[in-house]
Structure formats: C-alpha cells, structure tokens
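Undergrad: From the sequence below, what's the structure:
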Amino acid sequence: MDTRAKDCALIRPEETYDGKQGFTYRAGISAESVGSSGICMHLLTIPPGGRAKAHLHEAHETAIFVVSGIAETFYGERLEHHAVTRAGDLFYIPAGMPHLPFNPGSEPCVAVIARTDPNEQESVVLRPDLEALVADRLG
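TA: Residues are numbered from 1 along each chain as shown. Here you go, the predicted model:
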C-alpha cells in the first residue's frame, strides 16, 4: 500500500523508461512518481520511422494529445482501422483496444499520453499475433 502523503507534485520529466510497447517514454505522473491512484501521464517522442509493438491496455483508457509531428495508428481487433493524428489533435483509445502507433514522417512526433492506469505498464498486453497483419502497410 502506498503510504506517501497526498499533495501536489511538480514533475520535470527528465528520467526515461523503456515501455513494453517498444518506445522510450519520459517519466511523468504515475503511482510510482507521485502516488496517483487513477491516472498516469507522460511524454512520448516517436522518432521518424519509429513504431510500437502491437498491444492493448487491459481495462484502461488512453487519451493522447499530439504536440508536434504526425503519428498514425492501426487499431481494432485485427488492426483493420487506421487513424492519422497531427499536431493539435486528440486521440482516444478505449480499454482493451489493440493498436499499433508509428511515425511515418521525417520529423519526431511528440505526444502527451494519459491513461487511467496509474502504474502505466501493468496493463500492457503485447499482441505479437497481430504484427503480420500490418507489416506490409508499415513500409
């Protein structure tokens, strides 16, 4: 049980961590950093040509704000849907939705990501069985 006192906290995201999805994140607000109990929020920079592994977040929703650049995401039970997000766009991923984001551009894509999982990585489930479904569309 988390015994840290509940208080406001200022985070300057300088530390990074490698997620199961294959990206490196700037650590932000989470159960581990501030004792949050219902949310995490961090920064992600997807390098040009970078992509995640196909995955989902069990029982946790995701909200994304694209700060700069472009990202594309295949999503759906068989990654059959496709969305393009650009600077200023917001993108919602419901709990349990398989998805695979990637950066097709020549500039980094920077995004703020918030999830209803305060531990962030605990609900990540990799879906290698879906990788081949989009391999030809990833270039």
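
Undergrad: which residue is nearest the middle of this structure?
TA: In the chain, the C-alpha nearest the mean C-alpha coordinate belongs to I113, at 5.7 Å (Cα atoms, centre = their mean).

Undergrad: Just give the number of residues close to I93.
TA: Taking other Cβ atoms under 10 Å as the criterion, the count of residues near I93 is 21. In this view, the C-beta of every residue, glycine as well, is placed from N, C-alpha and C.

Undergrad: Residue numbering should commence at 691 henceforth.
TA: OK, 691 is where the count begins now, so the last one is I783.

Undergrad: how far away is it from L700?
TA: Counting by Cβ to Cβ, to the nearest Å, the gap between I783 and L700 amounts to 28 Å.

Undergrad: what does S796 give?
TA: Counting by Cβ to Cβ, the gap from S796 to L700 is 34 Å.

Undergrad: From the chain's centroid, how far away is stretch 763-782?
TA: Here stretch 763-782 is found 12 Å from its chain centre; the criterion is Cα atoms, centre = their mean, to the nearest Å.

Undergrad: wait, I meant stretch 712-728
TA: With Cα atoms, centre = their mean as the basis, the distance from the averaged C-alpha position of stretch 712-728 to the chain average is 11 Å.

Undergrad: quick one: low-confidence parts of the protein?
TA: Under the criterion pLDDT under 70, the flagged ranges of the chain are 691-695, 829.

Undergrad: who has more neighbours, S796 and L700?
TA: Neighbour totals were compared for S796 and L700, and S796 leads with 9 against 5 (other Cβ under 10 Å).

Undergrad: Distance of the nearest residue to that one once chain neighbours are set aside relative to P798?
TA: Closest residue in space to S796, ignoring its immediate chain neighbours: P738 at 5.2 Å, by Cβ to Cβ, 6 or more residues apart in numbering. The span separating P738 from P798 equals 7 Å under the rule Cβ to Cβ.
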